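Chemist: here is the input, now give the coordinates:
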Amino acid sequence: MDEEKKFNHPIDAINERMYAKDTKSSPDQRHEFTPHDNSVIHDWKEDTQEMKKNKSFSFFQMIFTGALVFVIGAAGFLWFSTIQGRSTLSNENIQIAIDSKLFVDGGEDLGFRVEVSNANAAALELVDMVVEYPLSSDDELSTDVERIRRPIGNITARGSIDEDFDIRLFGAEGDERAIDVTLEYRVAGSNAIFTKTESILIGIRSAPAVVLIDAPERLVSGQDIALRVTVIGNAEEPLQNTGLIMDYPAGFTFQSASITPTYRSTLWDLGALNPGDIQEIDIVGTMQGEIGTNATFRARVGTRNTSDLLALVSTYSSAAHLITLEDSFLALGLELGRSLESTVAYDSNDTVRGRLSITNTLDTVLSDVRIIVEMKGEVYDPETIRINRGRYDSNTQQLIWTQDSEGRLETLRQGEEQGIDFSFDLKGSDTESVTNQSMELLVHIRATGQDGTIYEAENVTSRTIVLNSNAVLDHQTLHASGPIPNVGSVPPAVGQATSYTIYWNIHNSSNALTDVQVRTLLPQYISWTGQTSPQAERITYNAETREVVWDVGSIVSGAGFSAPASEAYFQVSLTPSSSDVGQRVELTRDVSFSATDSFTDQPLTSGKPPHTTQLRGDSIEDTGFVE
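Modeler: I've put the predicted structure just below:
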């Protein structure tokens, strides 16, 4: 029992044996390594899944590798082809030689020739030659370019070609024009287009036509401006189908021109312009704009474009004129007969009474103020001019006020206003030889500032005087004369009916008339017989109002002078009463004439006294007193 307790744990037994005196060691036991089997496994069943993975990876790797090799090969071939092409064809081996005059007159033939030499070992294929040069003499018109494209075909290796071009340049004297020659070509095996360009500069000795603009350099905003445009033929041969185009600045309003424009207010057809021909066109308009701004007027002369009336096929010459807008140093007001209208109508022999007011608008004192009223026209009588503290210059047809004649103009302070009066009589023609009679009053001013600055402005304001036509109504009382036969005794007798012919005649001196009418009323004791002449005239009678109306309509200029007068006849009848004995009896009331002047657009009116029993203009005479 004790023995079992002593060795009841295995470790205790081991310790006992290890440390016992009679314990004997046993020899060490060695184990040998088992050799590794390097033989090939012939049974694949155990690694089937692994082999499938390896086989799939190898297939896609082969595809990728093949594609990579193809891309590298294609890039290499492209690189080789490019290097090979460059080594066999170069722009440096293409020469463009231009043979041309270096200085020409505008419109002269350049004698332009282009030679192309191909020193390459390869041919140039599908060759086009493009020649570009400006048509316009104005560098600002960049789109005005002529472009000639000529197919050449192929230029062989080591070959050359020559091409001639008919080129004419236009421009002002001293201008230079660049001509560009571009060669477009392809090479074998490529669709790419290659280019080679050469240029030449040509000087213009003279222009085939010259255009000039004469106008003021400074202008008061709101006043009229007059421009004179001059076109001069400068070519050796006539220039056909020549046109002038005006380009106006913003704020310009065209009013008139000495030669009527062909299209709108911008194009003039000058036709054939012969060498040495000079054509002048005066243009009048009004210029509005902000003070201090510049306005540019431009004129271009060249060959007309029939498809685009606002363009030129080629421009021979151009000119520009710059005008600076400024504020008026004097505010002016011009009244004619208390009217401030720009156009005022008068009858012949009327008196024109004008008043001119001026005000200093500057922040400085003005001295030596001068005012000129220019009178343009022949419808006034110089002998009747009355000018207050001024003078009339018959040589220049001007009313002039200076500090010498009007002391108030020696100094004009800021905001100060002065007034000047004048008058004259009109003397319009009474014949048909002169039509649309008018005249103009143009005001020019000048003054000196305190710092010595000269202020000057022309046509600051203006007025137009138009003369109405001198239409005259003649009225007669007839019995024995006229186209209508009359009955009864002359002189008229009490209780007996006597008929009379009322005759109206209209003479018109100058302007055509419209809406012409003549009217009168018949007294209650006068009878309307219904007889009228000529039948074509519109003569009506209203029995209720007892009004007789001759609706004439229109009357031409010169009626009664160079053309037949307008005339009308109608018949009335009178049976005198005993109360009429010893008196002339009225056959009508007052006669009124009305019309509209087609030139002045003014209503014209006049009146005549009543017709009576006294015969006027008849073949027989009668005092008209009732017996």
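Chemist: mind listing the strands for the stretch 51-200 of the chain?
Modeler: 94-99, 103-105, 112-118, 124-134, 145-155, 160-165, 176-186, 194-206 (DSSP state E, counting those that start in this stretch).
Chemist: pLDDT at the closest residue to residue 309 other than its chain neighbours, what is it?
Modeler: Using C-beta to C-beta, 6 or more residues apart in numbering and skipping the chain neighbours, the partner closest in space to residue 309 is residue 263 (4.6 Å). Every residue, glycine included, has its C-beta placed from N, CA and C. pLDDT, residue 263: 90.
Chemist: likewise residue 595?
Modeler: 96.
Chemist: correct me if wrong: it contacts residue 606.
Modeler: No: using C-beta atoms under 8 Å, residue 595 makes no contact with residue 606, being 9.1 Å away.
Chemist: comparing those two, which residue is more hemmed in?
Modeler: residue 595 (28 against 14; other C-beta atoms under 10 Å).
Chemist: within the sheet, what are the partner strands of the host helix or strand of that one, with directions?
Modeler: Taking DSSP states H and E as the definition, one finds residue 595 inside strand 591-597. Partners of strand 591-597 in the sheet, by DSSP bridges, are strand 513-521 (antiparallel), strand 603-608 (antiparallel).
Chemist: returning to that earlier point: for beta bridges, what are the partners of the residue nearest to residue 309?
Modeler: For residue 263, the beta-bridge partners are residue 267 (DSSP bridges).
Chemist: is it true that it touches residue 306?
Modeler: No: using C-beta under 8 Å, residue 263 is not in contact with residue 306; the gap is 11.3 Å.
Chemist: neighbour count winner among the two?
Modeler: The residue with more neighbours, out of residue 263 and residue 306 and counting by other C-beta under 10 Å, is residue 263; that gives 13 against 9.
Chemist: how much space separates that one from residue 551?
Modeler: For residue 263, the distance to residue 551 equals 41 Å [C-beta to C-beta, to the nearest Å].
Chemist: other residues contacting stretch 267-275?
Modeler: For stretch 267-275, contacts defined as C-beta atoms under 8 Å, 6 or more residues apart in numbering pick out 209, 231, 233-246, 259, 261-262, 279, 281, 301, 304, 309-310.
Chemist: may I have that stretch exported as CSV, CA atoms only?
Modeler: Extracted C-alpha coordinates of stretch 267-275, given in CSV (Å, rounded to 0.1, in the frame of the first residue of the first chain):
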residue,chain,number,x,y,z
LEU,A,267,-25.1,104.7,-103.8
TRP,A,268,-24.5,106.8,-106.9
ASP,A,269,-24.2,105.2,-110.3
LEU,A,270,-21.5,107.2,-112.1
GLY,A,271,-21.5,105.1,-115.2
ALA,A,272,-18.3,105.3,-117.3
LEU,A,273,-15.6,107.4,-115.7
ASN,A,274,-13.3,108.7,-118.4
PRO,A,275,-9.7,109.8,-117.8
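Chemist: how about it: buried residues?
Modeler: Buried residues in stretch 267-275, counted by 16 or more other C-beta atoms under 10 Å: 267, 268, 270, 273.
Chemist: nearest to residue 203, of those residues?
Modeler: residue 273 (23.3 Å; C-beta to C-beta).
Chemist: how near is that closest one to residue 196?
Modeler: In terms of C-beta to C-beta, residue 273 sits 40 Å off from residue 196.
Chemist: what do you get for residue 175?
Modeler: Going from residue 175 to residue 196 by C-beta to C-beta gives 27 Å.
Chemist: looking at these two now, which is surrounded by more residues?
Modeler: Between residue 175 and residue 196, counted using other C-beta under 10 Å, residue 175 has the larger neighbour count: 19 against 16.
Chemist: what does the pLDDT read for that one?
Modeler: pLDDT at residue 175 comes out at 79.
Chemist: which residue is nearest the centroid of the chain?
Modeler: For the chain, the residue lying nearest the average C-alpha position, counting by C-alpha atoms, centre = their mean, turns out to be residue 266 (5.7 Å).
Chemist: touching, that residue and residue 245? I think so.
Modeler: Yes: under the criterion of C-beta under 8 Å, residue 266 makes contact with residue 245 at 5.8 Å.
Chemist: list residues touching both of these two?
Modeler: The contact lists of residue 266 and residue 245 share residue 310, where a contact means C-beta under 8 Å, 6+ apart.
Chemist: return the alpha-carbon coordinates of stretch 182-190 using CSV.
Modeler: As requested, the backbone C-alpha atoms of stretch 182-190 are provided in CSV (Å, rounded to 0.1, in the frame of the first residue of the first chain):
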residue,chain,number,x,y,z
THR,A,182,-0.2,78.9,-101.9
LEU,A,183,0.5,75.4,-103.3
GLU,A,184,-1.7,72.6,-102.0
TYR,A,185,-0.7,69.0,-102.7
ARG,A,186,-0.8,65.4,-101.6
VAL,A,187,1.8,62.6,-101.7
ALA,A,188,1.4,59.0,-102.8
GLY,A,189,-0.3,56.8,-100.2
SER,A,190,-1.6,59.7,-98.1
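Chemist: average pLDDT across that stretch?
Modeler: Here the average pLDDT along stretch 182-190 is 91.
Chemist: now do stretch 333-349
Modeler: Averaged over stretch 333-349, pLDDT sits at 90.
Chemist: what about it, start to end distance?
Modeler: Terminal residues of stretch 333-349 lie 25 Å apart, using C-alpha to C-alpha, to the nearest Å.
Chemist: equivalent analysis for stretch 153-162, please.
Modeler: The straight-line separation of the ends of stretch 153-162 (C-alpha to C-alpha) is 13 Å.
Chemist: swap in stretch 148-162?
Modeler: 15 Å.
Chemist: run the chain-centre distance for it.
Modeler: From the chain centre to the centre of stretch 148-162 is a distance of 47 Å (C-alpha atoms, centre = their mean, to the nearest Å).
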